[in-house]
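Student: Give me a 3D structure for the following:
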Amino acid sequence: MQSLFLSFVSLYSLSLFAEEPIVGDNLPSYLERALEANQELKVFEQKVEAAKERVPQLSALPDPLLQVTHFVESVQTRTGPQENGIMLNQRFPWFGTLKNREVAASAEAEALWYAYQNRQLTLMREVSLSFYEVGYLQKAIDITTENLEWLTQLEPIVETRVKAGGDLNSLLRLKVEIGKLDDRRQSFINKKVAVFAQLAALINVPSQKDPFVLEWEAPPIMELELVELQKKLLQENPELKMLERKTASAEARVALAKLQSYPDFSLGINYVQIGDPVVSSSAADAGEDAWGITAAVSIPIWLGKNKAARNEAYANLNASEHEIDQRRLQLLSDLGVAFALHENAQRQLTLYGEDLISLAEQAVENSLHSYEVGTTSVLELIDSERSLLELQFLNWRAAADALQQRIRIQTLVNQPLK
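Tutor: Residues are numbered from 1 along each chain as shown. Okay, here's the model as predicted:
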């Protein structure tokens, strides 16, 4: 499953260009690191191994019982005194008990395996979402820095005009805009450090005060079919498979609870060592050892206990069935939300990237030209630049949202998107 996820998530991975990369230069490198180093996954691995080892234990017969008796005071018989006795006994549960124990234990082990797979996907989702969020924040920092530099270069020009008799308010508004933009840039930087700290914890590496720089591009438009995704989710989601195996285990335990009303059998062999007769005996078998075969059956007379066991098993089965129904609806809801957000992000990408940003850039150019020839004020130029800046933020936010929602969809359906 790991290789499958890494193969299709790499289609949308960001390229990293850092002086000293912590892990690698792309998202699959971070996912590989997370899968190798995450301690919670190691706990799951050991739980799965432990569950597998329970299966042969529960499907085997109980250990036979060997009993040795030494007669301190020998019992005298007509053939001689009884000196030692040996008994070997084996208990056999009612027919079907061992098989249902095996089925229940196997289903529980499989449920843990699917829980392990689900935790892997959850970890991959968390790493990917943080990764793309860092990418967006870096892009926001770059855009803000670029605009801040542009306004800073504009400041001496406005100061010159003010000295020549221009409006002082224009210079004050420009300084306020520079201060607000610098504050916004610093906020993006601090958020990036915080999000990267979360990412570093997921991949089990120390965080950095100044995380590396990410360079990435907006993803291509992808057409998805919600009905097909819903089918894949119901078929491939490991959490649903885990709950299905839990239900199978609960069904086997219902059968086991019913079998408690039937008896268990025991078969055994008794061997008694006979000593030499104290007095001479005319018996033909004098001094010969004795042996016999024993059979026993348990009597399940405690009807209240057996009924309570059945009620408990049925209650657990009903709980498992309700849980899988509720979780199925919740996962389908999560998929529907992710699908809608993905569609909206792609719509915004098309709107901003293909239409509005180019218009806003043209508006900035026109405002700059008008300001240079003195037909407009610096305030209008600042407004045009601010509108372009907001559209650029929205465009890259939509790009990050589209990538993040694709990750959510992929981890829900456990399948590559095509």
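Student: elements contacting the strand or helix carrying Lys191?
Tutor: Here Lys191, judged by DSSP states H and E, is contained in helix 168-202. In terms of contacts (3 or more CB pairs under 8 Å, 6 or more residues apart in numbering; DSSP states H and E), helix 168-202 is packed against helix 97-163, helix 378-413. Heads up, the C-betas are built off the backbone N, CA and C, glycines and all.
Student: just those: most buried one?
Tutor: Ranked by mean neighbour count under mean count of other CB atoms under 10 Å, those are led by helix 378-413, which reaches a mean of 21.
Student: re the thing from before, tell me which residues of the helix holding Lys191 come out buried.
Tutor: Using 16 or more other CB atoms under 10 Å as the burial criterion, the residues of helix 168-202 that qualify are 170-171, 173-174, 177-178, 181, 184-185, 188-189, 191-193, 195-197, 199-200, 202.
Student: quick revisit: adding mean pLDDT, write the helices and strands packed on helix 168-202 out as JSON lines.
Tutor: Written out in JSON lines, the entries for the helices and strands packed on helix 168-202 read as follows (pLDDT from 0 to 100):
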{"stretch": "helix 97-163", "mean pLDDT": "91"}
{"stretch": "helix 378-413", "mean pLDDT": "92"}
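Student: Now tabulate these in a markdown table and tack on distance to Asp334.
Tutor: Conversion of these to a markdown table gives the following (distance: least, CB to CB, whole Å):
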| stretch | distance to Asp334 |
| --- | --- |
| helix 97-163 | 11 |
| helix 378-413 | 6 |
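Student: any idea how far Arg310 lies from Leu379?
Tutor: Between Arg310 and Leu379 the distance, using CB to CB, to the nearest Å, works out to 81 Å.
Student: tell me the average confidence for the helix holding Lys191?
Tutor: Confidence over helix 168-202 (mean pLDDT, whole number) is 89.
Student: Now do it against helix 378-413: the angle between them, please.
Tutor: Angle between the axes of helix 168-202 and helix 378-413 is 20 degrees (criterion: axes from the mean of the first three to the mean of the last three CA atoms, to 10 degrees).
Student: Tell me the helix or strand right after the host helix or strand of Arg310.
Tutor: Remark: Arg310 resides in helix 303-351, with elements defined by DSSP H and E. The first helix or strand that comes after helix 303-351 along the chain, using DSSP H and E, is helix 357-373.
Student: Counting by contacts, list what that following helix packs against.
Tutor: Under the contact definition 3+ CB pairs under 8 Å, 6+ apart, helix 357-373 sits against helix 378-413.
Student: still on that earlier bit, of the helices and strands packed on helix 168-202, which is nearest Ser367?
Tutor: Checking the helices and strands packed on helix 168-202 against Ser367 by CB to CB gives helix 378-413 as the closest, at 4.1 Å.
Student: Off-centre distance for the closest one?
Tutor: Mean C-alpha position of helix 378-413 versus that of the full chain (CA atoms, centre = their mean, to the nearest Å) differs by 28 Å.
Student: list the helices and strands that helix packs on?
Tutor: The contact analysis (3+ CB pairs under 8 Å, 6+ apart) places helix 378-413 against helix 2-9, helix 97-163, helix 168-202, helix 226-236, helix 303-351, helix 357-373.
Student: same thing but at 6 Å, please
Tutor: Under the contact criterion of 3 or more CB pairs under 6 Å, 6 or more residues apart in numbering; DSSP states H and E, the helices and strands touching helix 378-413 comprise helix 97-163, helix 168-202, helix 226-236, helix 303-351, helix 357-373.
Student: in the shortest one, what counts as buried?
Tutor: The one in question is helix 226-236. For helix 226-236, by 16+ other CB under 10 Å, it's Leu229, Gln230, Lys232, Leu233.
Student: how about that helix as CSV, C-alpha atoms only?
Tutor: Output in CSV follows, covering the C-alpha atoms of helix 226-236 (Å, rounded to 0.1, in the frame of the first residue of the first chain):
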residue,chain,number,x,y,z
LEU,A,226,-18.2,11.6,-7.3
VAL,A,227,-20.1,8.4,-7.9
GLU,A,228,-17.0,6.5,-9.0
LEU,A,229,-15.1,7.9,-5.9
GLN,A,230,-17.9,6.7,-3.6
LYS,A,231,-17.8,3.2,-5.1
LYS,A,232,-14.0,3.1,-4.5
LEU,A,233,-14.4,4.3,-1.0
LEU,A,234,-16.9,1.6,-0.1
GLN,A,235,-14.6,-1.0,-1.7
GLU,A,236,-11.1,0.1,-0.7
